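Asker: Need a 3D model of the following:
(one chain, ligands or ions: 1)
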Amino acid sequence: MQKLVIEGGNRLSGELNIQGAKNSALPLLAACILADGETMLHNCPRLSDVYAACRILGSLGCECKADVNDITVKALSPCGCCVPDELMREMRSSIVFLGAVLGRVGECSLSFPGGCELGPRPIDMHLAALRKMGAEITERYGLLHCVCKSGLRGADINLGFPSVGATENVMLAAVRARGVTRILNAAREPEITDLAQFLKCCGARITGEGSGAVTVEGVEKLHGCEYSVMPDRIAAATMMSAAAVTGGELELIGARASDLGAVIPVFEEMGCRIYTYSDRLYISRRGQLSAVSLIRTMPYPGFPTDAQAPVMAALATACGTSMIVENIFENRYRHVDELARMGASIKAEGKVAVIDGVPRLYGAKVRAMDLRGGAALAVAALGAEGITEISDIKYIDRGYESLESQLRALGAKARRESF
Ligand code: EPZ
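Answerer: I've put the predicted structure just below:
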């Protein structure tokens, strides 16, 4: 078992290269199944979720080689169609392999991804869309078996909610389907655009990505390509929270202002100064942080749910009362009780969390309950008085490349310990 040990009180300063986006690298790795030949992905983050995706590719018969931040994938024929249960359980987002395997092989078996630490994670929209494209899907004893022997066909898909995963799954199923697929009420996250650009680099015909209406014209074949994963906007928001909490000044290289449209105004309302350039963002904080009256998490381009926890950690010691409404996931306040152990004064009821800023937090022994909640505890620890120990950091390692090394490089007293 490992824990992060962080001694608070140091201002962070310096420049940091923002890691590649976990939530883009994962669908891009799944998409490699659809491309004949070799694909090289640059700027892949070194994360346990990424390595889990590589193991799934391996179980499907693909050759997958990781070399620091470069991952090479060779999709060989015939491609397997069964994802082992233990691999499905490692990572909830492995459901995105369904569309890719169906699109390549016309058959796929995998276990239901099930809920996770954020609450139930239904896939009803994924399955309804794939059925409309001709897949016969049976669900029994937690297993999904999908068959489409005559190959998937294009269809008009209207998503009841702009689900990121469902949009990605339909895109992956559609690129080699017969005919045209139109996805209405599609997710507009930058990761969707990144996936579309990658697929077009492989020869796919896609328009409308980033708008609410994506059109995919199916093609016979896709070829391998070389592509660089977009920067991780949530990692950038997490580091912005760290700068805000410590009163530091950071230069986040790779952070794209266009991905952070709803995030930057929140930090400006907190009292941070932000300058953005084409390939970086500069953030500094002088004086006391101010509360933010209301943050509502929404689908992109609204405020991202994944930034909710790290920003809450910054608001815990802001002057005044802040309110957050979590509209995306049912159970995304599990970091509140852990922050309370550090002296935070936060009341969470249903979707709403009310944060009464306190003068300071204190170091404590806390537990990461999920990925972004764990990152929030690290952010809180940076500004707390004394030493914080964060256990269950396997959650943090799913989404942040050696968080303690990144923070140490910016002046934090942070280390990883086994126990
Ligand atoms: C992606 O999850 C991200 N994960 C999440 O990041 C992110 O929080 C989420 O999108 C929202 O932006 C990856 O990309 C790997 P959704 P996903 O489908 O695709 C409901 C992180 O911390 N829903 O947009 O699972 C669902 O229950 C992770 O990096 C259905 O009801 O999100 C949720 O309430 C956490 N039925 C809402 O939609 C469905 O068929 C949004 O889910 C699908 C989704």
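Asker: what comes into contact with stretch 50-68?
Answerer: When contacts are defined by C-beta atoms under 8 Å, 6 or more residues apart in numbering, stretch 50-68 is touched by residues 22, 25-26, 29-30, 32-33, 44, 46, 71-76, 78-84, 87, 90-91, 94, 97, 101. C-betas here are computed from N, CA, C, even on glycine.
Asker: Repeat that for stretch 272-288.
Answerer: 15, 236, 240, 243-244, 247-257, 260, 264, 267-268, 270-271, 289, 318-319.
Asker: So which of the residues you listed reach the ligand?
Answerer: Applying C-beta under 6 Å from any ligand atom, the subset of the contacts of stretch 272-288 adjacent to the ligand is empty.
Asker: Go ahead and build a ChimeraX selection from the buried members of these.
Answerer: One line in ChimeraX is enough to select the buried ones among the contacts of stretch 272-288; burial here means 16 or more other C-beta atoms under 10 Å:
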select :236,240,243,244,247,248,249,250,251,252,254,255,256,257,260,264,267,270,271,289,318
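Asker: Which of the contacts of stretch 272-288 fall in helices?
Answerer: Cross-referencing those against helices under DSSP state H gives Ala236, Met240, Ala243, Ala244, Ile264, Phe267, Glu268, Met270.
Asker: buried ones in the lowest-mean-pLDDT helix or strand in the chain?
Answerer: None of the helices or strands of the chain scores lower by mean pLDDT, DSSP states H and E than helix 85-90, at a mean of 87. Within helix 85-90, the residues scored as buried using 16+ other C-beta under 10 Å are Leu87, Met88, Glu90.
Asker: List the contacts of the first one.
Answerer: I take that to be Leu87. Ala52, Arg55, Ile56, Ser59, Ser94.
Asker: Which ones among these lie within strands?
Answerer: Counting by DSSP state E, none of the members of those fall within strands.
Asker: Looking at neighbours, which among those is most surrounded?
Answerer: Most neighbours among the contacts of Leu87, by other C-beta atoms under 10 Å: Ile56, with 25 neighbours.
Asker: Give me the nearest residue to that one, chain neighbours excluded.
Answerer: Leu87 (5.0 Å; C-beta to C-beta, 6 or more residues apart in numbering).
Asker: What's the nearest residue in the stretch 151-300 of the chain when you look at the ligand?
Answerer: For the stretch 151-300 of the chain, the residue closest to the ligand is Gly165, as judged by C-beta to the nearest ligand atom, at 2.8 Å.
Asker: hang on, that residue packs against Leu127?
Answerer: No. In this structure Gly165 lies outside contact range of Leu127 using C-beta atoms under 8 Å: 11.6 Å.
Asker: And these two? Which one has more around it.
Answerer: Set side by side, Gly165 and Leu127 show more neighbours around Gly165, with 22 against 19, by other C-beta under 10 Å.
Asker: just checking, that one is part of a strand?
Answerer: No. In this structure, Gly165 is helix, not part of a strand, as judged by DSSP: H, G, I helix; E, B strand; the rest coil.
Asker: what's near enough to touch it?
Answerer: Gly165 neighbours (C-beta under 8 Å, 6+ apart): Ser93, Ile95, Val96, Ile123, His126.
Asker: ranking those residues by neighbours, who comes first?
Answerer: Val96 (28 neighbours).
Asker: I'd like the distance between it and Gly61.
Answerer: For Val96, the distance to Gly61 equals 18 Å [C-beta to C-beta, to the nearest Å].
Asker: on that earlier part again, for Val229, state which of the buried residues of helix 85-90 is nearest.
Answerer: Nearest to Val229 out of the buried residues of helix 85-90 is Glu90 (C-beta to C-beta; 20.1 Å).
Asker: Look up how far Ser59 lies from the residue nearest to that closest one when sequence neighbours are not counted.
Answerer: Excluding its sequence neighbours, the residue lying closest to Glu90 (C-beta to C-beta, 6+ apart) is Ala52, at 4.4 Å. To Ser59, Ala52 is 11 Å away according to C-beta to C-beta.
Asker: Next, count neighbours for Asp67.
Answerer: 9.
Asker: any low-confidence regions in the chain?
Answerer: Residue ranges of the chain with pLDDT under 70: 78, 114-115.
Asker: same thing but 90
Answerer: Residues of the chain meeting the criterion pLDDT under 90: 76-80, 84-93, 112-122, 139-142, 149, 286-287, 419.
Asker: Tell me which residue of it is positioned farthest from its centroid.
Answerer: No residue in the chain sits farther from the centre than Ser150, which is 33.9 Å out by C-alpha atoms, centre = their mean.
Asker: Just to check, it is in contact with Gly134?
Answerer: Yes. Using C-beta under 8 Å, Ser150 is in contact with Gly134, at 7.0 Å.
Asker: Right, and the ligand sits closest to which residue of the stretch 201-350 of the chain?
Answerer: Nearest residue of the stretch 201-350 of the chain to the ligand (C-beta to the nearest ligand atom) works out as Asp306 at 4.3 Å.
Asker: so that residue sits in a helix?
Answerer: Yes. Counting by three-state DSSP, Asp306 is located in a helix.
Asker: All good on my end, thank you.
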